[in-house]
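# task: produce atomic coordinates for the following.
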Amino acid sequence: YIEMHLEPYLEKFESISESASKEHSLEKAMVKMISEWDGMEFVLLSYRETGTYILSSVDDIQMLLDDHIVKTQTMRGSPFIKPYEKKMRDWEGKLLLVQEILDEWLKVQATWLYLEPIFSSPDIMSQMPEEGRRFTTVDKTWKDLMKCAIQDRHVLTVVMIDKMLEKLKKCNELLELILKGLNEYLEKKRLYFPRFFFLSNDELLEILSETKDPTRVKPHLKKC
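The predicted model follows:
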């Protein structure tokens, strides 16, 4: 250093070296994060006789997602992120998309699981034609999405299914309308026959879904 007369620049060299080192650390951390998703797959289980699938436990996915969103947002706040800022922003966007899709997906699944046996009844379908049509639309979308998901279960592949978030949001909108219509329908039945007020929604639906089978009413007669 003395022979080359670099002493006046030592401090600058150290600063450049420190910045490069921290930038490299951030890049390594990002590469490590992305690689941790390589083995992450959704667990999809065949559901009864419906010919489709449902999401099973997503706890591990949710834990990794929470951890990586926090890490990514922390790294984005670093003064040394500049060379990788766009990559980091894109990665954060992908993680947030995974979270949004997961939230909407689980919401659709919970309501679909509740309504599927109800609208499997021809009696209910004939008594509630509008809600029946809406449920048929949701059911088809659900089955189409699950058919795509089962082909490659990797989390980061599944969330790239064409318009997945948009389709799930539409399903949730329709499911809310169906639930509203269903509650109004049950309320009308109770007003028409007040003894039905003693029954829960599920019990009342069991009776109404089998109008041609009087024996289905018997277990609930004591309550009425």
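
# which one is residue 58 nearest to, not counting chain neighbours?
residue 102 (6.5 Å; CB to CB, 6 or more residues apart in numbering). Bear in mind the C-beta positions are built from the backbone N, C-alpha and C, glycine included.

# which stretches of the chain form helices?
Residue ranges of the helices in the chain, as given by DSSP state H, are 10-35, 59-76, 85-115, 122-127, 129-151, 155-158, 164-192, 201-208.

# nearest to residue 49, out of the ones you listed?
helix 129-151 (13.1 Å; CB to CB).

# which other residues reach the closest one?
Residues outside helix 129-151 that contact it (CB atoms under 8 Å, 6 or more residues apart in numbering) are 42, 44, 50-54, 108, 112, 115-116, 119, 124-126, 158, 161, 164, 167-168, 170-171, 174-175, 177-178, 181-182, 185.

# returning to what we had before: my read is that the residue nearest to residue 58 contacts residue 66, right?
No. Contact criterion CB atoms under 8 Å: residue 102 and residue 66 do not qualify, at 11.1 Å.

# more neighbours: which of the two?
Comparing residue 102 with residue 66 by other CB atoms under 10 Å, the one with more neighbours is residue 102, at 20 against 12.

# which residues touch that one?
Listed by CB under 8 Å, 6+ apart, the contact partners of residue 102 are 58, 61, 62, 65.

# buried ones in stretch 143-161?
Burial within stretch 143-161, assessed by neighbour count using 16 or more other CB atoms under 10 Å, is assigned to 145, 146, 149, 155, 156, 158, 159, 161.

# for stretch 75-92, same thing?
Per 16+ other CB under 10 Å, stretch 75-92 contains these buried residues: 75, 78, 80, 81, 84, 88, 91, 92.

# got those residues as TSV, with distance to residue 133 columns?
Compiled in TSV, the buried residues of stretch 75-92 are given as follows (distance: CB to CB, whole Å):
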residue	distance to residue 133
75	48
78	53
80	56
81	51
84	49
88	45
91	41
92	40
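
# by pLDDT, give me the weakest of those residues.
Sorting these by pLDDT puts residue 80 at the bottom of the list (85).

# any idea how far the nearest residue to it once chain neighbours are set aside is from residue 34?
The shortest distance from residue 80 to any residue that is not its chain neighbour, by CB to CB, 6+ apart, is 4.2 Å, and that residue is residue 22. Residue 22 is 19 Å from residue 34, where distance means CB to CB, to the nearest Å.

# count residues in the vicinity of residue 174, would you?
What residue 174 shows, counting by other CB under 10 Å, is a neighbour count of 19.

# then stretch 172-187 to CSV, C-alphas only?
The C-alpha trace of stretch 172-187 is given here as CSV (Å, rounded to 0.1, in the frame of the first residue of the first chain):
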residue,chain,number,x,y,z
ASN,A,172,-66.2,-16.3,-3.1
GLU,A,173,-68.5,-13.6,-4.4
LEU,A,174,-70.9,-16.2,-5.8
LEU,A,175,-70.7,-18.3,-2.6
GLU,A,176,-71.6,-15.3,-0.5
LEU,A,177,-74.7,-14.8,-2.7
ILE,A,178,-75.6,-18.5,-2.4
LEU,A,179,-75.3,-18.5,1.4
LYS,A,180,-77.5,-15.4,1.6
GLY,A,181,-80.1,-17.0,-0.7
LEU,A,182,-79.9,-20.2,1.4
ASN,A,183,-80.5,-18.4,4.7
GLU,A,184,-83.4,-16.4,3.2
TYR,A,185,-84.9,-19.7,1.9
LEU,A,186,-84.7,-21.4,5.3
GLU,A,187,-86.2,-18.3,7.0
